[in-house]
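**Q** Have a look at this prediction, sequence included:
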Number of protein chains: 2
Amino acid sequence: MKEGPDIARIASLVGDPARANMLTALMDGGALTASELALEAGVSLPTASSHLAKLMDGKLLTVASQGRHRYYALAGTEVAAMIEAISGVAAHSGPQRARPGPRDKSMREARVCYDHLAGEHAVAMFDRFVAEEIIVRDDETLRLGPAGPSFFAGVGIDTSGLGNSRRPMCRACLDWSVRRAHLAGSLGTAILDKIIAEKWARRPAGSRVVEFTPPGRKAFEKLFLA
Amino acid sequence: MKEGPDIARIASLVGDPARANMLTALMDGGALTASELALEAGVSLPTASSHLAKLMDGKLLTVASQGRHRYYALAGTEVAAMIEAISGVAAHSGPQRARPGPRDKSMREARVCYDHLAGEHAVAMFDRFVAEEIIVRDDETLRLGPAGPSFFAGVGIDTSGLGNSRRPMCRACLDWSVRRAHLAGSLGTAILDKIIAEKWARRPAGSRVVEFTPPGRKAFEKLFLA
DNA sequence: TCCATGGTTCGATGCTAGTCGAAGCATACT
DNA sequence: AGTATGCTTCGACTAGCATCGAACCATGGA
C-alpha cells in the first residue's frame, strides 16, 4: 500500500469541527486574524492558535503579518476546490441544509473587516474615491489625492491628524463578495467609526454584519457615494 | 454558526488512515469485499467492519450483498472527485517523496479515476477536445461542442444515447498529478471502455494504473490526440 | 520607557475514537 | 443436519488529541 499522496493526513486536518469552521470562514478568499477565526470556530484563542499552526504545517493556509495582526488565508485555489468538493459530498450525506438565511445577503452588502467597512457598499465607495481622485493609487500603496482633504473635511473627518501615526492612513484590502479592493487603514477605520457614531448602522452582537437603517443608508449614500 | 453542510463530519471519515486506504483502493471504481479491504487497509477484520459501517453511515460507500460476500464500492462520482481533490492538495503538501518510483510514473501517465481515464494522457486529450471545440466550457459546466458528435462518431462512440441518462455526459474532474482538468461523465466512461475493449491497454489487477501497449498507445494518440 | 493588545507556548485534563480478541449471525457447501 | 466461511457485534484497552488557564513573547502607541 502506501501509494499516492497522504490523503488521510490532510483530510484529518479538515476533519476537526473547529478547523473546518475556520476553513469555511476563509472560503470567501478573504484573510482573517487569529482572534476572528477563534470566534468563528467557537473556540478559545490558544486552541485556535494550535489549530492554525497545524493548518499551516499542512500547507492549507498562508499567513501575512501586518503589524501585530496575523492575517490567515487559504493557501490557494486548490485548497478551496477541495473544500468545495467535500461540501458537495456532505450536502448529499448529511441532513439537507436548511435555509440560506438572510444573514448571507447582509454579509455581502456590508460587513466589518476587522476595523473597517467591507462589502458592496465599501467597494462602491472606494471606486468613487478613486474616480474622483479623493484617493490615488501610487504603485502598491494608496495616498490621499488632491481632492481628498477637502472632501473628508466636508463630511466631518479630519485627515490631518491621521497621517502622523505609524499606521498607514490608506490601505487596500481585498473584498471577497465582490472581487475588488476596498479601503482599510486609519482612514477606513475613521469612516466606519463615523457610520456607527452617526447611528447610520448597527452592528448586531457576535456578527460581522453591518446593518444600515433606511435613513442611515440614504445619508451614507448621499455623502460617500454622491 | 453551524452554517453550510457538515464538512467536518465527512472529512473526518476520510481522515483516518485505514479508511483512507480503503477509499483509495476503491478509486478504480471496482467493488471489494470486507476482507479484501481489511487487507488493503492493513487492519483486522473487526476493525475494518467498524470502519465500513461508518463509511456507509456517511453515504460514502454502497454495498451489494452477493451470497455470503458483501461488495463495497464508492457511492458515486462525487465521492471519487472529492478523493481526487484531496489527493491534489496532499500531493503538494506532504513531504515530497524522494524518488517517484516507476509505479508513480505509470500512475501519473495514465490511471483510472473511478470510471474514466485520468493522468497526463487524459489531460492532453481533454485539452485537445477543448481546443478543437469538440467539447466546450459553458460557465462551470461542460457541453458537447459543434465538432463533437461527428468526431466521436468517427472514433466509434455514439454520443446520441449518452445524453438521455440522469448522469451528465461531460464533467470536469481535477487531476492531482497534473494540475488540470480531465474528462469525466458518461462520455469519459465510454472512452475508457473503448480503450479497454480495443485492447489498447491493460489494467493490472489491484491497481489503478492503465498500461498502454506500444501499438495501443499509437492508436490512442492517433485517434484522440491527433 | 511603560503599558495595552494580539498571538503563541506550556502543562494538565478529559474525552473520543481506533484497535483487537472472542463471541454471535448468516449464508453456503456437503 | 452439520460444518465451514464471511462478516458483524460486544467489551475492554489504549493512545492521541482537542481543550483551556496561565504564563510568555512581540508589536504599537503614548
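**A** Ah, there it is.
**Q** use CA for all of it now, contacts and neighbours both
**A** Fine.
**Q** before we move on, which element is the residue lying closest to A:Gly15 once chain neighbours are set aside in?
**A** Nearest non-adjacent residue to A:Gly15, counting by CA to CA, 6 or more residues apart in numbering or on different chains: B:Ser12, 3.7 Å away. Per DSSP states H and E: B:Ser12 is located in helix B:7-14.
**Q** anything in that helix sitting right up against DNA strand C?
**A** Yes - judged by CA under 7 Å from any atom of the strand, helix B:7-14 comes into contact with DNA strand C at B:Leu13.
**Q** in chain A, what residue is nearest DNA strand D?
**A** Going by CA to the nearest atom of the strand, DNA strand D is nearest to A:Gly67 of chain A, at 3.2 Å.
**Q** Can you tell me how far A:His69 is from A:Ala122?
**A** Distance, A:His69 to A:Ala122, using CA to CA, to the nearest Å: 22 Å.
**Q** for A:Asp193, same thing?
**A** 14 Å.
**Q** Then A:Ala31?
**A** In terms of CA to CA, A:Ala31 sits 16 Å off from A:Ala122.
**Q** go on, A:Phe152?
**A** Relative to A:Ala122, and taking CA to CA, A:Phe152 is found at 16 Å.
**Q** distance between the ends of stretch A:216-226?
**A** Terminal residues of stretch A:216-226 lie 14 Å apart, using CA to CA.
**Q** no, scratch that, I was asking about stretch A:193-203
**A** With CA to CA, one end of stretch A:193-203 sits 12 Å from the other.
**Q** More neighbours: A:His69 and A:Ala122, which one.
**A** A:Ala122 (27 against 12; other CA atoms under 10 Å in any protein chain shown).
**Q** Any stretches of chain A with poor pLDDT?
**A** Within chain A, the segments meeting pLDDT under 70 span A:1-4, A:28-30, A:94-105, A:107, A:112-115, A:138-141, A:161-181, A:204-208.
**Q** What residues does it have near DNA strand C?
**A** Going by CA under 7 Å from any atom of the strand, the residues of chain A near DNA strand C are A:33-36, A:45-50, A:52-53, A:68-71.
**Q** The same query, at a cut-off of 10 Å, please.
**A** Contact residues (CA under 10 Å from any atom of the strand) of chain A with DNA strand C: A:12, A:15-16, A:32-38, A:44-54, A:56, A:63-72, A:114-115.
**Q** Chain A: helices as residue ranges?
**A** Remark: helices assigned in chain A by DSSP state H are A:7-15, A:17-25, A:34-41, A:45-57, A:77-93, A:102-109, A:120-131, A:148-154, A:185-197, A:214-220.
**Q** so does the first one get close to DNA strand D?
**A** Read it as helix A:7-15. Yes - using CA under 10 Å from any atom of the strand, helix A:7-15 reaches DNA strand D at A:9, A:12-15.
**Q** now that helix, how far from the centre of its chain.
**A** Remark: helix A:7-15 is offset 26 Å from the chain centroid, using CA atoms, centre = their mean, to the nearest Å.
**Q** could you say what helices and strands that helix packs with?
**A** Packing contacts for helix A:7-15, counted by 3 or more CA pairs under 8 Å, 6 or more residues apart in numbering or on different chains; DSSP states H and E, involve helix A:17-25, helix B:7-14, helix B:17-25, helix B:77-93.
**Q** can you do 7 Å?
**A** helix B:7-14, helix B:17-25, helix B:77-93 (3 or more CA pairs under 7 Å, 6 or more residues apart in numbering or on different chains; DSSP states H and E).
**Q** need the residues of chain A near chain B, please.
**A** Chain A comes close to chain B at residues A:1, A:5-12, A:14-17, A:20, A:58-59, A:78-79, A:81-82, A:85-87, A:89-91, A:93-94, A:97, as judged by CA under 7 Å from any CA of the partner chain.
**Q** and with 6 Å instead?
**A** Within chain A, the positions lying close to chain B (CA under 6 Å from any CA of the partner chain) are A:5-8, A:11-12, A:14-17, A:20, A:58-59, A:82, A:85-87, A:90-91, A:93.
**Q** buried sites along stretch A:120-132?
**A** For stretch A:120-132, a neighbour-count test (16 or more other CA atoms under 10 Å in any protein chain shown) marks A:120-129 as buried.
**Q** Give me the domain ranges for chain A.
**A** Using automatic domain parsing, the domains assigned to chain A come out as A:7-98, A:105-225.
**Q** count of neighbours near A:Glu198?
**A** For A:Glu198, using other CA under 10 Å, the count is 12.
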